[in-house]
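Undergrad: Attaching a predicted model along with its sequence, questions to come.
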Amino acid sequence: MQRAAMINPLIDEITEALISMGGAAHRNVVIDQLALQRGGNPASEAFRKEVIKAFELHLEGATLRGEPTNLRLPFGQGSHRWGLTLDAHAEFRGVWRRQAD
């Protein structure tokens with residue numbers, strides 16, 4: 001497990017949501033999915049901010065430490081689309097294929 005994910009379990013939840021969405025989605029869709037999984041209620045503004053901050057801190061920290069991450073901004077800085085890295089997407093796609101066999 002990655003160090004940042006151990007510090008903030010939201011990173012694992014974000015990753016799982018992106019896996020279930022095929023590897024990428026608008027951050028609002030991801031956040032809404034997390035809120036539904038946690039209690040079936042729409043995401044509050046406070047929860048939205050918490051998830052966005054966790055994602056941003058995770059990417060910044062990984063970059064500063066030179067550590068790999070499974071998450072990225074596919075359309076670059078400032079984008080609201082979140083995604084799995086190409087390596088992570090390929091890895092999880094391989095898992096999906098093995099499960100289907």
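TA: Noted; the coordinates are in hand.
Undergrad: pLDDT below threshold where in the chain?
TA: Applying pLDDT under 70 to the chain flags residues 1-7, 94-101.
Undergrad: quick one, strands of it?
TA: Using DSSP state E, the strands of the chain run over 24-26, 71-72, 81-84.
Undergrad: Please convert the ones you listed to TSV, extending it with mean neighbour count and distance to residue 46.
TA: For the C-beta atoms, the positions are set from N, CA and C on the backbone; glycine is no exception. As requested, those are exported to TSV (neighbours: other C-beta atoms under 10 Å; distance: least, C-beta to C-beta, whole Å):
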stretch	mean neighbour count	distance to residue 46
strand 24-26	16	20
strand 71-72	20	22
strand 81-84	22	19
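Undergrad: out of the ones you listed, nearest to residue 10?
TA: strand 71-72 (11.1 Å; C-beta to C-beta).
Undergrad: Give me the helices and strands touching that closest one, please.
TA: Using 3 or more C-beta pairs under 8 Å, 6 or more residues apart in numbering; DSSP states H and E, the elements in contact with strand 71-72 are helix 9-20, helix 45-65, strand 81-84.
Undergrad: So in that sheet, which strands flank that strand, and in what orientation?
TA: Strand pairing for strand 71-72, determined by DSSP bridges: strand 81-84 (antiparallel).
Undergrad: Correct me if wrong: residue 13 contacts residue 31.
TA: No: the criterion here is C-beta atoms under 8 Å, and residue 13 misses it with residue 31 at 10.0 Å.
Undergrad: quick one: which of those two has more around it?
TA: A count of neighbours by other C-beta atoms under 10 Å puts residue 31 above the other of residue 13 and residue 31, at 25 against 18.
Undergrad: Let me see the contact set for that one.
TA: With contact taken as C-beta atoms under 8 Å, 6 or more residues apart in numbering, residue 31 is in contact with 43, 47-48, 51-52.
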